[in-house]
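Participant: any chance you could fold what I've pasted below:
(one chain, ligands or ions: 1)
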Amino acid sequence: MKIDIEKICKSYDGPGKKKHQILKDISFSINPGDFVIILGESGCGKTTLLNMLAGLENPTCGQIRVNGNPIVGIHPSRSMLFQQPALIPWLSVKENVAYGCKIRKETQYLEYRVSQFLEIMGLTGSADAKPSQLSLGMAQRVCLARALVGRPQVLLLDEPFASLDTFTQAHIQEELVNLWMSESFTAVFVTHDIDEAIRLGNKIVVLAGSPAGISDIFDINVPYPRKQHDPVIKALRTDILERFKIAYLVKRSLTNGI
Ligand SMILES: Nc1ncnc2c1ncn2[C@@H]1O[C@H](COP(=O)(O)OP(=O)(O)OP(=O)(O)O)[C@@H](O)[C@H]1O
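Facilitator: Have a look, this model is predicted:
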């Protein structure tokens with residue numbers, strides 16, 4: 001699934017009906033099978049951009065096309081994973097995973113797919129448990145299984161591992177990369193964590209400024225799993241940090257009217 005983001009901007013109504021522009025002139029393309037990271041500081045508009053890719057919000061100007069067609073609303077081919085796991089409390093783990101497919105009547109091989117994903121996610125032993133019996137990491141694994149069981153072509157992830165501890169985060173990141181390689185979906189992952197971005201993505205889109213625009217796009221051709229001490233990774237990290245420093249100084253000088 002090819003996604004073209006063409007000169008999009010987004011404004012919200014601010015205080016006193018004044019428009020508050022969040023994003024400006026965002027253009028880039030996502031190729032089928034890409035693992036794209038949208039990286040930027042808190043509040044710069046990453047979630048807003050992801051919501052527009054999901055079809056949950058419309059751009060104020062510009063357009064987003066999927067295989068050449070403009071996005072009109074949500075579609076099961078684009079699945080989303082949120083920061084906080086949201087499961088249906090009265091359904092078991094396996095029922096939660098199967099829920100979306102059942103609603104859409106996509107029931108062929110569903111039981112097999114559900115058990116396959118529960119196994120991959122290490123959740124087979126918890127298949128009959130209720131969400132209240134799960135740790136945060138387990139609940140987010142269930143959400144990941146649910147997001148993928150319907151074979152979406154695009155998986156949109158909004159800081160999904162931000163509230164997990166470092167160890168759980170590292171495991172689940174590795175599982176996500178393995179799933180991405182085996183299931184061949186396109187991933188668009190929002191984060192403000194540079195290390196997470198470098199560990200996961202093959203393309204990093206850096207958002208900066210106010211309103212935010214694209215400050216840089218980095219392509220990463222380093223095989224997985226990526227080592228923090230790999231010289232290419234270290235150089236990339238320094239480079240990205242440098243771009244943020246410059247963007248911060250520009251923003252500060254604009255704010256101070258220098
Ligand atoms: N529906 C809305 N109405 C008005 N303002 C909004 C709305 N949604 C988002 N915003 C504003 O847009 C800006 C960008 O929000 P967004 O959540 O996209 O940023 P973010 O980069 O994802 O932040 P974080 O990393 O903290 O989640 C914020 O200033 C936010 O208050």
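Participant: distance from whichever helix in the chain runs longest to the middle of the chain?
Facilitator: When the chain is parsed with DSSP state H, its longest helix is helix 231-255. Remark: helix 231-255 is offset 22 Å from the chain centroid, using CA atoms, centre = their mean, to the nearest Å.
Participant: what does stretch 93-108 give?
Facilitator: On the basis of CA atoms, centre = their mean, stretch 93-108 sits 22 Å off its chain's mean C-alpha point.
Participant: stretch 20-34 now?
Facilitator: Centre to centre, stretch against its chain (CA atoms, centre = their mean), the figure for stretch 20-34 is 13 Å.
Participant: residue of the stretch 151-258 of the chain nearest the ligand, please.
Facilitator: Closest approach between the stretch 151-258 of the chain and the ligand, counting by CB to the nearest ligand atom: H192, at 5.2 Å. Placement of C-beta: from N, CA and C, glycine included.
Participant: secondary structure element for S182, which one?
Facilitator: Per DSSP states H and E: S182 is located in helix 166-183.
Participant: can you check the pLDDT for the residue of the stretch 151-258 of the chain closest to the ligand?
Facilitator: Predicted confidence (pLDDT) for H192: 94.
Participant: and it, how many neighbours does it have?
Facilitator: By the measure other CB atoms under 10 Å, the count of residues near H192 is 17.
Participant: please apply the same query to P152.
Facilitator: So P152, with other CB under 10 Å, has 20 neighbours.
Participant: hang on, it in a strand?
Facilitator: No. With DSSP: H, G, I helix; E, B strand; the rest coil as the criterion, P152 is coil rather than part of a strand.
Participant: quick one: contacts for it?
Facilitator: Neighbouring residues of P152 by CB atoms under 8 Å, 6 or more residues apart in numbering: 76-79, 185.
Participant: and these, which of them are in strands?
Facilitator: Members of these lying in strands (criterion: DSSP state E): 78-79.
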